[in-house]
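Peer 1: predicted model, plus sequence, below.
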Amino acid sequence: MLPLFHDFAGETVLVFGGGRVGCRKARFFAQEATVIVVSAEFTRELCAESVSQIKARVSPDDLSDWFDRAAPALVVAATDDGALNEAIETTAIKRGILVNRADKHGNREIGSVVVPATVRDGDVIAAVGTGGRSPALSKYLRQQIEPIFGGADEMAELTAEIRETLQERDVPAKNRREAVRAVINSEAVWEAIENRNNRESGGDSVGIAARNEATRVVSDVLNPD
Ligand SMILES: C[C@@]1(CC(=O)O)C2=NC(=C\c3[nH]c(c(CCC(=O)O)c3CC(=O)O)Cc3[nH]c(c(CC(=O)O)c3CCC(=O)O)/C=C3\N/C(=C\2)[C@@H](CCC(=O)O)[C@]3(C)CC(=O)O)/[C@H]1CCC(=O)O
Ligand SMILES: NC(=O)c1ccc[n+]([C@@H]2O[C@H](COP(=O)([O-])OP(=O)(O)OC[C@H]3O[C@@H](n4cnc5c(N)ncnc54)[C@H](O)[C@@H]3O)[C@@H](O)[C@H]2O)c1
């Protein structure tokens, strides 16, 4: 299994089953997509602020209607009824819609996807999976990785700016690469980002101290004497 990133902005995700697992998947997709959860019962009154919840008992015969009404890009099968989850998966695959089945690991057909454990800071994301063998390990590793992600989005923005500026100045690709790597490896730049985040000052997506520190690092790389 290989991870890919998918843009769900403007798409709908339809979740069947509003228990602990269905609600967790709903919150995950609601970071980006419009999410509808259909369930006979709900564990929580609200899975998430922006999620639409419909109380209904679904049977395999109704699935076509639900799919037609929601026009989803992806469907989640998270009920505790294995036969229904199976029917949801089959219907989705027949229609060419992505499907995530929460009650199954291994033997996935093309179009049947796994939700990984994710760490994110803005647009910077890491996904952990175990080939379905140990979701608890995915969760543990996600928690281990989380602390090193602080400031990653600001670093991404800062280095994107530097890349663009150096491209505009026609700095050769090799020197650009070295300069960007030096900024990412600079403890002083990371510290400047961290100190700013601790003070929670904001407005600009990159702080002044980090930008100044990065400018110094770039200049040291490009003008070594
Ligand atoms: C990562 C995460 C993402 C998320 O769901 O958000 C996720 N499961 C998480 C937690 C978790 N899941 C389970 C436990 C209890 C411990 C245990 O049983 O091990 C815990 C831990 C806990 O709850 O603390 C039980 C479980 N999970 C699956 C089955 C069915 C089966 O294996 O057949 C059963 C047995 C149910 C039963 O026994 O009835 C199946 C899947 N779970 C996956 C993802 C996919 C594989 C990912 C991978 O490759 O690792 C896959 C295949 C499909 C999918 O769901 O996409 C999320 C952590 C999020 C985080 O905190 O960061
Ligand atoms: N992937 C994961 O991370 C993970 C983790 C734990 C459990 N699971 C599996 O996922 C499934 C769901 O787990 P859970 O803990 O959320 O269970 P749960 O019992 O809390 O929730 C199941 C939900 O499905 C709804 N439902 C059942 N039949 C329905 C129907 N015909 N129409 C509409 N709604 C229906 C129920 O009302 C309930 O809200 C189980 O099969 C479990 O084995 C997966």
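Peer 2: Great, that's in hand. Numbers count the residues shown, from 1 in each chain. Ligands and ions are numbered 1, 2, ... in the order given.
Peer 1: how about the residues of this structure by ligand 2?
Peer 2: 17-22, 39-41, 43, 57-58, 78-81, 84, 102-103, 135 (C-beta under 6 Å from any ligand atom). Yep, even glycine has a C-beta here, placed from its N, CA and C like the rest.
Peer 1: give me the buried positions along the strand of greatest length in the chain.
Peer 2: Ranked by residue count, the top strand of the chain under DSSP state E comes out as strand 34-42. Residues Thr34, Val35, Ile36, Val37, Val38, Ser39, Phe42 are the ones in strand 34-42 that count as buried (16 or more other C-beta atoms under 10 Å).
Peer 1: now flag whichever of these is closest to ligand 1.
Peer 2: Val35 (13.5 Å; C-beta to the nearest ligand atom).
Peer 1: wait, the closest one touches Phe28, no?
Peer 2: No: proximity of Val35 to Phe28 does not meet the contact threshold set by C-beta atoms under 8 Å, at 9.0 Å.
Peer 1: break the chain into its domains for me.
Peer 2: 12-115, 117-148, 152-222 (automatic domain parsing).
Peer 1: got the contact list for Ser186?
Peer 2: By C-beta atoms under 8 Å, 6 or more residues apart in numbering, Ser186 lies in contact with Glu213, Ala214, Val217.
Peer 1: for Gly106, what are its contacts?
Peer 2: Taking C-beta under 8 Å, 6+ apart as the test, what Gly106 contacts is Gly131, Gly132.
Peer 1: what score does it have for pLDDT?
Peer 2: We have a pLDDT of 86 for Gly106.
Peer 1: Thr215 and Arg142, how far apart?
Peer 2: Thr215 sits 34 Å away from Arg142, taking C-beta to C-beta, to the nearest Å as the criterion.
Peer 1: returning to that earlier point: mind checking which of the residues of the chain next to ligand 2 land in strands?
Peer 2: Gly17, Gly18, Ser39, Ala40, Glu41.
Peer 1: Leu14: which element?
Peer 2: strand 12-18 (DSSP states H and E).
Peer 1: brain fart, Ala210
Peer 2: helix 208-222.
Peer 1: which strands and helices lie in contact with that helix?
Peer 2: helix 152-168, helix 173-184, helix 187-199 (3 or more C-beta pairs under 8 Å, 6 or more residues apart in numbering; DSSP states H and E).
Peer 1: and the worst-scoring helix or strand of the chain on mean pLDDT, C-alpha only, in CSV?
Peer 2: Here the helix or strand of the chain ranked lowest by mean pLDDT, DSSP states H and E is helix 187-199, holding a mean of 88. C-alpha atoms of helix 187-199 as CSV (Å, rounded to 0.1, in the frame of the first residue of the first chain):
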residue,chain,number,x,y,z
GLU,A,187,18.4,25.6,14.5
ALA,A,188,18.4,29.4,14.8
VAL,A,189,15.5,29.6,12.2
TRP,A,190,13.5,26.9,14.0
GLU,A,191,14.0,28.7,17.3
ALA,A,192,12.8,32.0,15.8
ILE,A,193,9.7,30.2,14.6
GLU,A,194,9.1,28.5,17.9
ASN,A,195,9.6,31.7,20.0
ARG,A,196,7.1,33.6,17.8
ASN,A,197,4.6,30.8,18.0
ASN,A,198,5.0,30.7,21.8
ARG,A,199,4.1,34.4,21.9
